[in-house]
Structures are given as C-alpha cells and as structure tokens.
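Asker: Okay, here's the prediction I keep looking at, along with the sequence it came from:
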4 protein chains.
Amino acid sequence: MNNQSVESGQGARRQYLPAQQRKKELLAAALMEFSVHGYGAATIERIAKRAGLSKAGVYSHYKSKEEMFEDLLLSRLTSSFLTKAWLFDGSYPLDEAIDAFIEQIYTPLDDPEVVAVLRILMSESDRASHLIQRWRREVVEPYLSEQQRLIDACIAKGLMPDNALTRYFYVSISPLMMALQKLLVFGDDDAKADVARIRETHRELLRLVLEVKP
Amino acid sequence: MNNQSVESGQGARRQYLPAQQRKKELLAAALMEFSVHGYGAATIERIAKRAGLSKAGVYSHYKSKEEMFEDLLLSRLTSSFLTKAWLFDGSYPLDEAIDAFIEQIYTPLDDPEVVAVLRILMSESDRASHLIQRWRREVVEPYLSEQQRLIDACIAKGLMPDNALTRYFYVSISPLMMALQKLLVFGDDDAKADVARIRETHRELLRLVLEVKP
Amino acid sequence: MNNQSVESGQGARRQYLPAQQRKKELLAAALMEFSVHGYGAATIERIAKRAGLSKAGVYSHYKSKEEMFEDLLLSRLTSSFLTKAWLFDGSYPLDEAIDAFIEQIYTPLDDPEVVAVLRILMSESDRASHLIQRWRREVVEPYLSEQQRLIDACIAKGLMPDNALTRYFYVSISPLMMALQKLLVFGDDDAKADVARIRETHRELLRLVLEVKP
Amino acid sequence: MNNQSVESGQGARRQYLPAQQRKKELLAAALMEFSVHGYGAATIERIAKRAGLSKAGVYSHYKSKEEMFEDLLLSRLTSSFLTKAWLFDGSYPLDEAIDAFIEQIYTPLDDPEVVAVLRILMSESDRASHLIQRWRREVVEPYLSEQQRLIDACIAKGLMPDNALTRYFYVSISPLMMALQKLLVFGDDDAKADVARIRETHRELLRLVLEVKP
DNA sequence: AATGAATGAGAGTTCATTCAT
DNA sequence: TATGAATGAACTCTCATTCAT
C-alpha cells in the first residue's frame, strides 16, 4: 500500500535507492509481515515485494532474516510506546491533566505500527527475549521509575492521594492494556467501540481514584 | 504428558491408542507448539513427537494442520478463561468477596495451557477470526452480561457505589490483563514478581473503588 | 456404482464375503482405478472404497498393489478382446458376413471394462511387459494365426480376392483401433459419433476390398 | 540431452541458464517422464535430474507440476503430429504420391517424442481434456477438413474414385494408428517389424482403394 | 544496489503396508 | 475376513540463502 514510488507494479525496473532509505522501507515492510505472520512464517519474498525490490535484493541490506528482525525491534524498541512520562504540577485542574494523559496514552493505539510491534512482543517473546530484556532495562523501567517519581512528588505535594494506585502507578494504565488486547484479539470492527468505552471508563476511573478527597 | 516416561526412547514401538485419547494428547501437544511458534512456524513433526507418534500418524486423526488448529481452538474456547461470574450478596464483608474474586481470576494465570491459548488468540487472531467471533458471541459476551447484571444488582441494593467502574465492570479486570501481558512479553523469571505486585494493587484498587462511602 | 449390497454408505459395517467374490469385486474396482489414474497414481484406498471394504481389508486378499495389478491383467488378458476369429464359408452373402464381423468387433467398445483394459495396456506397457508378452504369445498371436488361416482358406476357395489386405488380414481391423483411440483420447461426448461413422466406413471398406471382382 | 556429457556428475555446480532454454529442457524431460509414468506417478525430482537441475530449481520456472504439464501439452499440441495435408494433383503417378504419403505419416513414429505425446494423450485424457478439446478444435479438425477438401477435389477431377474411403478419408490413416498401438503396447523389440509390415500393407491397400478403375 | 536462476533443507501431505484386535 | 491405528518412505512445494551478472 505504501510502496511510495510510481513504478511499483510488475515491470518495476531496478530502482536504486540509498541504503538508508531502502532499509527504512524494508523495516516498515518487515514490521507488518512479522506482526501478521509471526517470525517463523514471515517470508523474505513478501517483505521484499512490499518494499518494492526482489527477494535477493533484501540481502544487499541484511545478511539474514534474523538480522532484519533484530534491526526491526532495535529500531522500534528505542522508545517505549508510552513515550514520555505524565506530569501534573497543579497549575491547572486535575481533570484536564487526566484528559491530556488519556489522550496521550490512547493515541498510539491508532497507529498500526505501534499495534504491530506490540503484537510481535507478545508472540515472539521467546525469540526476542534478549532484545526485550534490554528494552525493559533501558527504556521501560526508566520510564516507569520516572513516572512513579513524578507521581510521588504529586503525593508529597498533596496533589494526589496516597493510595494503592498512586503507590504503583504503573497499574493505572491497565485499561489501556485491556484495550490493546481487544484490538489484537478481535479485529477492528467491533473492537473499536469497546476501546472507546474502555477509554472513557478509564478516564473516569482515574478521576475517581486520583482526586484528593477533603 | 506420559510420553516422557516409559516408552519414549528410540525403540518405542507402535503404540495403539483409542482415537479419542490420542486426539486429546495431540491437542495438548498442538497447543504448546502453536503457542510457542505460531501457526505458520509450528511443525506437525514436533507436535507428533510430543504426542508420542509419527508425523504420518497425526494424519490418521486430523486431515490437516488447519483442521487440528480449528479443533484445538474449538475445544479450548468453549469456556472463557474467566469461568464464572463473581457474585457478591452482602452476606459477608466486601473485602472477603474481593479476595475471592482476585483469587479466582488470577489462578488461571498459573496454568500454562491457559496462557498458551491466550497467546494464540493474540498472535493468530487473523487466522482464527471466525472462531474468535463465535467465542466472543457465545461465551465472552454472555459472561460479561451476566457479570454486569450481578454488579447492577449490587448497586441497586446499595452494596456497591454507582461509579464509572461499576457501570462498566468489565474494566475492573484490566490489571489482570496487564499481568497477562507481562507474562507473555517478559518470560516468567522477572515477570512473576511484577504479576504478584499487580495483583495486590488490583486487590486494593477494587477495595478503594467498590467500597460504599458514607 | 456397482457396489452391490445395501450397506455401502459410510457406516457400512464389516461385511464378510467369500474370498472369491470379494476378489472379483476388488478386481473390478482396480480395473477402473488403474485405467483412470494409471498404476502409479492409483490408490489402494480408492480401490477399497469402490469394492466396499477398508484399505487394510484389501490386504486380506492381495499381498500388494503389484500383485493385484498382475492378477487383474491375468484375469483380463486370458482372452483377446477379439474373442473369436471370423469365419466365412460362402454359404451366405459376403455382405452379411461382413455385417456380422463388424458387429462382433465393435460391440466390445461399448463395454467400459474392455476400454479400460486397453487403456491400461497402452499406459502401463512397461510395467506389464511380461504379462503383455505372454498374452501376445498365448492369446493374440494364436488368434491372429487362426484368423489368417481362415482367410487364406477363403482365398484358396475363391471366396475372397488375394490382395494386400487378405494377405495380412490383421490390418483389416485397423479402423476399429482408430475408433478405440478416438474413445480413449476424446471423451465419450463427441467421439461416439465419430466412432459410428468410422464403423460404417469400415464396413463399406471391407466390402470394397473383400469382394471378388470378376 | 547435453546433461550426460561434461557436467553430469555429483560435483556438477550450479549451471545458470536463461529461463527460456531451461524451460525447453524441462519440457523435454517432462515429456518423457509423463509418458513413461503418467502424470500422477511422475516425479518432479526425476524431471529435474533429467533437465540437469535441482528439484527446487524446477519451481523457479513452473509454479507446479500441473502448470508444467499444461505448458508441455500446450507446446506439443500446437501441431497435429500429422503436420500437413496430403496433396495429389495428378501431375505424377498416384503410386508415387501414395509412397510420399506413407513416408510422411510414418516418419513421426520414429520420433520418441511424438510417440510419448500420443501415449500421454491416451493415458491422461481426463486430466488434459480441456487442452485436448482445444487441440481438436483448433488443430485436428482443421487438418482433417483441409485433407478431405483436397481429396474431394481429386474425386471431382476424376483422379480418385468416389468410394467409402475417399468420402471419409480420415479412416485411410487407420493402419498408422494401429501401428502406433503396436508400438505403445508392445515395446520396440518385436513391434518394429510388425509396424514395417503394417506400413507395407497400408501402402498397398491405398493403391488398391485409391486407384481409379477404368 | 539489484536481480534472476539455482539450491539444500525442510514443511505438509499421501500412500502402501503392517499390526493388534 | 475385516478394521482402525500406526509408520517409513516418498512426494509436492516453500523458503532462506547464494551466486553470476
């Protein structure tokens, strides 16, 4: 679909691209392929076709399927899909902050690439375990610590209550995870509506639990 | 399971089993294989070996890999892994009821087969979509309706507050989903501890949100 | 089609038959199977099904596919499909004799079993060469000699002319062979009409060539 | 043909050929294989070996056995093996014309490929029925019509008699068909002599029947 | 950087055949 | 005599990968 150029059809003649560009396109193709079929059943040929070159052409850029898989995850796991921590400093109403938070964490679900990466993480966790561990250590854990630190600060400042959720704030995004699963398990059709409802419930739940009661 | 024991070695001669039992063992083997490798990369030979017969022997029972996959899901998706709805009638303290609920919903996570099925649901959702839709319609939705009805009754009786969570109680199990993802993405090693912590936070969160405030 | 008994369907229970009877049915089934698919692609299972028993049941009667094939040809090649020689003694008009001859040699073409055997002879001539040689020696050659002797007698008696055809009378049936090929190569639909026309031409040709001119 | 020569041994390294030539060699190999074993029992590996490449290499050129079979017949059935009609214009003696005709129609029997195609036509008529029908319509029928038209012209000019054979001249080649069957059913050894004798009888028979009597 | 032709190593599947019942 | 379960061997076809160009 996103074969970018004009000559993507059958007779598409040898199109020379700078390696970097081609690699980018290969990874995009590989991402969808691995997500849909899984590593084992993914084929180089389909990836090649999606990226607009021949099967053998792939090997000008990657020595092997495995290497491509690794490079893919490496490139996609440099950021948690929860990109940056949520900050609330009390300078505006909590409700608005929560709205922003919800907006921020649900938006990635609309990106098929994000969902694709997450599916790969679940289905290929064995094969990718070393990359996943590294990602966890270098990206996820720091993110969570940072987030928890910010929340702790809020508690200290009396901006948030000291309760189960604020003490392990990570759990506060669990409805998002649930929405993700809906998307993964049930196709987009019916699931989208459920996701929307989960999201609203999520929002209100946060209000309920993060509000400081007098 | 019993293939590791006596007759597993090379010389293990033709072992005749009634079709029904052999099929049961084949499905158990197939479940793990499909979960670990995905449908496409799963091999009949490995499934056969695990079930204690030859590759060709599998075809005495299933006409194809696809048929085995279907029968597997058919047999495994007759129940939601959330087997029965949670009932609270006020005859005992809410805390205890919550404890029971938590116990009930987290226990399945200890069963590798349950986790395996769930992994398959996420990675093979395309291939299995017709089975999944049916499962959703016949098993999941009825379960959720029933559960919501019970909760609505609690609200009516004043046993639970009328809030975002009780109005869409489904979301109340979201930390469980999060725990499942931890298990799927990060192997058992580090993840188990996180699951335990999620579980405790889950318990307290429920207390916080389901408690009726004066 | 000719599964003779009532219980030929799916649940057909073990039906014990005298070996001789069963063998006859097996050979009939095998004949069609070998003819349609060729020896190599014929399957015991299809033969078994056609004969109304299970695959393994076949082995109660024949030690192997090969043995069944041999027995089949042995049973079918005891007669030339040109069963008996044509006799003309001048006691009635030649035309009538020719009519009888044509009738006699074309009738077998209506029998699917005969056509099936002939197809096997052509497609499996390598595999069956020893049987075919024997058939040629013991059946075909004697038949041809006998026929030629009868014709020679006619010539001697002045009942037939002494020409190329009567000196190698075997060739006189060549239009029949041509008709057979039509049947084998082109299905029954269009070919049948051609066969009829070949037959009439054949009849008239014989009149033309066998008639003694003054 | 050239695979027996230099590079046939074990160590024969990857030999790169333009697709067109390789396909030609593959079809030649396939022709013999299908003829000897029949479609069902033919194996890709044997075809590959004969054509001098690996089993998988075949699939660089044909997507499936079926496709190769179709291409084979397509390429071999573009001409009737009776290539061109026989013309007699009276400018030279009929006997010579008949000699030329006999020569022309019997020569193809010496070509193993022709015999191979004909065997396939008879044994695989079911599988190839669509191709055969097309061949009949586009090649055989036109040939026969043309031939009949030429003969009709001879009759009109008084160069040939108006009799059963000339009115349906197609039958005039029936001894050739008989010879073909000899070749197909009985191997080359004994059959060759019979073919020669059939041929001579055929020649004389034509003289007998096509000669205009005063 | 890119390709078409080629291959070895499997994969799913079929099948003649065996064996316990 | 008959069968259901089982298997080894062989088959078609796929795929990651190589190599000459």
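Answerer: Looks like it came in fine.

Asker: how far away is A:Asp71 from DNA strand F?
Answerer: Distance, A:Asp71 to DNA strand F, using C-beta to the nearest atom of the strand, to the nearest Å: 13 Å. For every residue, glycine as well, the C-beta is placed using N, CA and C.

Asker: Also A:Phe88?
Answerer: Distance from A:Phe88 to DNA strand F, by C-beta to the nearest atom of the strand: 47 Å.

Asker: That residue: neighbour count?
Answerer: Counted by other C-beta atoms under 10 Å in any protein chain shown, the residues lying close to A:Phe88 total 21.

Asker: same question, A:Leu74
Answerer: When neighbours are counted by other C-beta under 10 Å, A:Leu74 comes out with 13.

Asker: Can you tell me, leaving aside adjacent residues, what's nearest to A:Glu113?
Answerer: Spatial nearest neighbour of A:Glu113, excluding adjacent residues (C-beta to C-beta, 6 or more residues apart in numbering or on different chains): A:Leu31 at 6.0 Å.

Asker: Tell me the helices and strands packed up against the helix or strand where that neighbour lies.
Answerer: Element membership for A:Leu31, per DSSP states H and E: helix A:19-41. In terms of contact count using 3 or more C-beta pairs under 8 Å, 6 or more residues apart in numbering or on different chains; DSSP states H and E, helix A:19-41 is assigned the packing partners helix A:44-51, helix A:65-76, helix A:112-123, helix B:19-41.

Asker: Redo the ones you listed as JSON lines? Include mean pLDDT.
Answerer: Output for those, formatted as JSON lines (pLDDT from 0 to 100):
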{"stretch": "helix A:44-51", "mean pLDDT": "97"}
{"stretch": "helix A:65-76", "mean pLDDT": "97"}
{"stretch": "helix A:112-123", "mean pLDDT": "96"}
{"stretch": "helix B:19-41", "mean pLDDT": "97"}
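
Asker: Next, the buried residues of the helix holding A:Leu31.
Answerer: A:22-23, A:25-40 (16 or more other C-beta atoms under 10 Å in any protein chain shown).

Asker: Among those residues, which ones lie close to DNA strand E?
Answerer: A:Arg22 (C-beta under 7 Å from any atom of the strand).

Asker: Check the gap between the residue of chain A found nearest chain D and DNA strand F for me.
Answerer: Taking C-beta to the nearest C-beta as the measure, chain A has A:Lys55 as its residue closest to chain D, at 11.3 Å. Distance of A:Lys55 to DNA strand F, given as C-beta to the nearest atom of the strand: 5 Å.

Asker: residue ranges for the helices of chain A, please.
Answerer: Remark: helices assigned in chain A by DSSP state H are A:19-41, A:44-51, A:55-58, A:65-76, A:94-106, A:112-123, A:129-135, A:141-156, A:164-167, A:174-185, A:188-210.

Asker: And the third one, what does it pack against?
Answerer: For helix A:55-58, the packing partners by 3+ C-beta pairs under 8 Å, 6+ apart come out as helix A:44-51.

Asker: one more time with 10 Å, if that's ok
Answerer: helix A:19-41, helix A:44-51 (3 or more C-beta pairs under 10 Å, 6 or more residues apart in numbering or on different chains; DSSP states H and E).

Asker: who wins for proximity to C:Asp194 among these?
Answerer: helix A:44-51 (49.0 Å; C-beta to C-beta).

Asker: ok, is the closest one in contact with chain D or not?
Answerer: No: with C-beta under 10 Å from any C-beta of the partner chain as the criterion, chain D is not reached by helix A:44-51; the gap is at least 12.5 Å.

Asker: Name the residues of that helix that come out as buried.
Answerer: In helix A:44-51, counting by 16+ other C-beta under 10 Å, buried: A:Ile44, A:Arg46, A:Ile47, A:Ala48, A:Lys49, A:Arg50, A:Ala51.

Asker: cool, and stretch A:146-166?
Answerer: A:Gln147, A:Gln148, A:Ile151, A:Cys154, A:Ile155, A:Leu159, A:Met160, A:Pro161, A:Asn163, A:Ala164, A:Leu165, A:Thr166.

Asker: Can I get the residues you listed in CSV including distance to D:Ser64?
Answerer: Below are the buried residues of stretch A:146-166 laid out as CSV (distance: C-beta to C-beta, whole Å):
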residue, distance to D:Ser64
A:Gln147, 56
A:Gln148, 59
A:Ile151, 62
A:Cys154, 66
A:Ile155, 68
A:Leu159, 69
A:Met160, 66
A:Pro161, 68
A:Asn163, 65
A:Ala164, 62
A:Leu165, 60
A:Thr166, 63
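
Asker: related to what we said a few turns ago, distance of the residue of chain A closest to chain D relative to DNA strand E?
Answerer: For A:Lys55 relative to DNA strand E (C-beta to the nearest atom of the strand), the value is 6 Å.
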